[in-house]
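Visitor: Sequence first, predicted coordinates after that:
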Amino acid sequence: MSEPICPRGDKALRRGWISRSWQGLARSASWRAAIGLSLLWLFSTAASAATPSPSPPAARPLTFGILPIGGPSESLDAWRPFLDDMERALHRPVRSVSVSTYEGLAQALAEERIDMAFVSGKLALDAVTRDQMQVIAQLTRGDGSKGYYSVLLVEKSSPLRSVDDLFKRPGKLRYARGEALSVSGYVVPETQLFANRKLDSDTFFASVMVDNHQNNALAVANGEVDVATNNTADMERFATHFPEQNARLRTLWTSSLIPHAVIIIRTDLPPDLRDRITQFVTSYGKGKNAVAELAKLKLIHDISGFAPAGNETLVPFADMAYTLDRRRALSAQWVNDAALNTRLQKLDTEHESLVRKLIAAKP
């Protein structure tokens with residue numbers, strides 16, 4: 001660009017020309033700056049539009065563990081409507097995990113792969129004492145029962161008419177029981193029948209089969225075993241699904257009352273999330289959608305809902321475990337009385353400490 005030529009005449013004219021020239025230059029500079037700023041704004045706006053702001057991270061799915069009732073797939077199907085409603089209430093995914101064994105569920109809890117679970121008393125007790133879990137609710141049933149009962153089943157025409165008949169035949173009968181973590185399938189009959197007589201069911205019978213309640217009942221009905229453990233709640237379900245086989249069975253023995261199963265939750269979940277889950281569980285089947293929700297609960301195990309509960313509900317199961325351990329200690333062989341007394345004192349101390357912790361955790 002060529003430079004402006006200054007007139008050589010009158011000084012005033014010259015001063016005016018200079019003033020106008022600087023004003024023009026100033027105006028040109030201002031326009032150029034304005035245009036530059038406008039372009040910069042346009043480019044930055046376009047860049048912002050091309051790069052959307054990041055979305056908040058999706059909530060981590062919660063995992064719900066299911067106590068095996070029948071087969072794993074049957075349990076998943078029964079619980080899914082309830083868990084779908086939980087998803088909608090919490091606004092986050094809820095995955096379900098159902099395993100074929102109590103031990104599998106216990107392992108998943110120990111490995112922190114489960115955030116909450118529906119479990120029996122023995123599983124809950126182990127999870128609370130070892131796996132950072134706490135009880136938030138306990139199952140309720142439509143008939144208002146406070147619990148259920150363990151039973152021994154025999155075939156209807158079996159010569160066994162009482163437990164006395166059974167104990168007269170050591171090493172002669174075939175037995176089917178639940179896993180060691182099953183309250184009604186193992187802990188209760190072992191405590192109330194066998195340990196009380198200084199016996200162990202695993203060595204008393206000619207053979208022992210370990211399976212779930214459904215398969216054990218089928219084994220008796222089909223003549224594969226002579227005696228099997230079960231419980232009154234599962235036998236109601238069995239009668240519906242297997243009426244012909246159920247008609248071949250007879251109850252030989254019934255235990256004392258066993259408290260219902262519970263729902264447990266991880267203690268390291270955020271407190272507000274634990275509160276929301278507890279509120280959902282304990283209010284389900286009781287609000288404006290009660291009829292539809294109760295129909296979904298009935299699919300599970302004729303459940304009418306869940307009552308608020310805490311770790312203190314596990315005290316009866318701690319008592320069962322203590323009684324079983326004590327009776328086993330008394331029936332074992334010891335080098336001297338001092339060794340036995342030391343063992344019994346240790347069991348007493350541990351039991352008292354556990355009961356205090358369970359009661360102290362009451363909300």
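Guide: Right, received. Where do you want to start? Just so it is clear, the structure is predicted and the values come from calculations on it, not from any experiment. Numbers count the residues shown, from 1 in each chain.

Visitor: So, low pLDDT: which residues of the stretch 51-200 of the chain?
Guide: For the stretch 51-200 of the chain, applying pLDDT under 70 flags the ranges 51-58, 68-72.

Visitor: The residue nearest the centre of the chain pairs with what?
Guide: Among the residues of the chain, the one closest to the centroid is Ala117, at 0.9 Å (C-alpha atoms, centre = their mean). Bridge pairing for Ala117 (DSSP bridges) gives the partners Gly65, Ile264.

Visitor: I figured it was touching Trp79, is that so?
Guide: No - the pair Ala117 / Trp79 is not scored as a contact, 10.9 Å apart, by C-beta atoms under 8 Å. (C-beta placed from N, C-alpha, C; glycine too.)

Visitor: and this protein, what are its domains?
Guide: With domains defined by automatic domain parsing, the chain comprises 62-145+260-312, 147-258.

Visitor: out of the ones you listed, which comes closest to Leu324?
Guide: In terms of C-beta to C-beta, the element of the domains of the chain nearest to Leu324 is domain 147-258, at 4.5 Å.

Visitor: helices or strands up against the top strand by length along the chain?
Guide: Counting by DSSP state E, the longest strand found in the chain is strand 249-259. Where contact means 3 or more C-beta pairs under 8 Å, 6 or more residues apart in numbering; DSSP states H and E, strand 249-259 is packed against strand 147-155, helix 163-167, helix 188-189, helix 213-221, helix 315-331.

Visitor: ok and the first one relative to helix 315-331, angle-wise?
Guide: Put plainly, it is strand 147-155. For strand 147-155 against helix 315-331, the angle by axes from the mean of the first three to the mean of the last three C-alpha atoms, to 10 degrees is 50 degrees.

Visitor: With the fourth one instead?
Guide: Using the same axes, to 10 degrees, the direction of helix 213-221 lies 50 degrees away from that of helix 315-331.

Visitor: Remind me what the helix or strand just after helix 213-221 packs against, helices and strands.
Guide: Counting by DSSP states H and E, the next helix or strand C-terminal to helix 213-221 is strand 227-231. Helices and strands touching strand 227-231, by 3+ C-beta pairs under 8 Å, 6+ apart, are strand 147-155, strand 174-177, helix 213-221.

Visitor: quick one: common contacting residues for Ala117 and Trp79?
Guide: Shared contacts of Ala117 and Trp79 (C-beta atoms under 8 Å, 6 or more residues apart in numbering): Phe64, Ile66.

Visitor: beta partners for the closest residue to Leu76 other than its chain neighbours?
Guide: Closest residue in space to Leu76, ignoring its immediate chain neighbours: Ser98 at 4.8 Å, by C-beta to C-beta, 6 or more residues apart in numbering. Residues in a beta bridge with Ser98, per DSSP bridges, are Ile66.

Visitor: what about Ser98, how many residues close to it?
Guide: Look at Ser98: counted by other C-beta atoms under 10 Å, it has 23 neighbours.

Visitor: ok, it to Asn212 distance?
Guide: 12 Å (C-beta to C-beta, to the nearest Å).

Visitor: Then Asn246?
Guide: 16 Å.

Visitor: Counting neighbours, go ahead and name the busier of those two.
Guide: Per other C-beta under 10 Å, whichever of Asn246 and Asn212 has more neighbours is Asn212, with 22 against 17.

Visitor: and that one, backbone torsions?
Guide: phi -80, psi 170 (degrees, to the nearest 10).

Visitor: for Ala219, what are its contacts?
Guide: With contacts defined as C-beta under 8 Å, 6+ apart, Ala219 is in contact with Ala176, Met209, Asp211, Val225, Ala228.

Visitor: how close does it get to Thr282?
Guide: 38 Å.

Visitor: so what's the nearest residue to Met209 once chain neighbours are set aside up against?
Guide: Leaving aside its sequence neighbours, Met209 sits nearest to Ala176 (C-beta to C-beta, 6+ apart; 4.4 Å). Residues near Ala176 by C-beta under 8 Å, 6+ apart: 208-211, 215-216, 219-220, 224-225, 227-229.

Visitor: Equivalent analysis for Tyr322, please.
Guide: Counting by C-beta under 8 Å, 6+ apart, Tyr322 makes contact with Leu347, His351.
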